[in-house]
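1. just the structure for this:
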Amino acid sequence: MSFLNAKCNAIGLTPEASLALPERVASSDEQRVIDALSSLYAGNAEAAAAILAPEAMYTAPDGSVHVGATAVAARLANTRAPSAARVLDASLPAGTIALDLATASGSRVLVVIKCKADGRVMSITEEDGHQRPARAGAAGIHSPTDSMLSPCTSKLNLSKRRHYMKGKPTALFAGMSGAQ
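-> So this is what the prediction gives:
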């Protein structure tokens, strides 16, 4: 992941660009999903059962991830009541909806909803101020496996310490010498 991509939000734009996107009219399928999402924010469990796929994922603005329809519904229940929702006119893959929610506190939240072919929601991502959380951006740059050594790396390091680097380390892959 490059440094430039770390500044992009869930729809692949910078926050300034996504905040300036024009509004468009939602299709009937998109409006059904948006209405169900509003019901989820109000704490309506029936809306969750109707719209969320069993394997649904929710990424919160703080970077935490919740998996499963019941966990997503529990996390979204009574969290924030959007005062206005705009469907953004962004070139996104089919089944993806980008919303700009204005909250009562005046902040703007980017909500990206990804739906399966049957119309059920499989992913909801929220970003305050149309920005990725700092923790998620850092996780994209530094992998948890960066400090781990592979067996090949550890063998090479051992050979360096033993000063075998004057010649080719023939014993590094002993079983593969006749395979060519």
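2. mind checking what helix or strand follows the longest helix seen in the chain in sequence?
-> Counting residues, the longest helix in the chain under DSSP state H turns out to be helix 28-41. Using DSSP states H and E, the helix or strand that follows helix 28-41 towards the C-terminus is helix 45-51.
3. report the buried residues of that next one.
-> For helix 45-51, a neighbour-count test (16 or more other Cβ atoms under 10 Å) marks 47-48, 51 as buried. Quick note: C-beta positions are derived from backbone N, CA and C, even for glycine.
4. now it: mean pLDDT?
-> Mean pLDDT, helix 45-51: 79.
5. not counting it itself, show me its contacts.
-> Helix 45-51 has contacts (Cβ atoms under 8 Å, 6 or more residues apart in numbering) with 32-33, 36-37, 39-40, 69-70, 72-73, 76-77, 120-121.
6. ditto for stretch 52-59
-> Residues outside stretch 52-59 that contact it (Cβ under 8 Å, 6+ apart): 10, 40, 65-69, 71-73, 75-76, 116, 120-126, 136.
7. show me where pLDDT drops low in the protein?
-> Within the chain, the stretches with pLDDT under 70 are 1-6, 78, 80-83, 134-180.
8. which residues of it fall in strands?
-> 23-24, 52-59, 65-67, 82-88, 96-103, 108-115, 121-128 (DSSP state E).
9. wait, L101 touches R108, no?
-> Yes. Counting by Cβ atoms under 8 Å, L101 touches R108, with 6.9 Å between them.
10. got the strands of the chain as TSV, with distance to T14 and mean neighbour count columns?
-> Formatted as TSV, the strands of the chain follow (distance: least, Cβ to Cβ, whole Å; neighbours: other Cβ atoms under 10 Å):
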stretch	distance to T14	mean neighbour count
strand 23-24	19	12
strand 52-59	19	19
strand 65-67	23	14
strand 82-88	14	16
strand 96-103	14	19
strand 108-115	12	20
strand 121-128	12	21
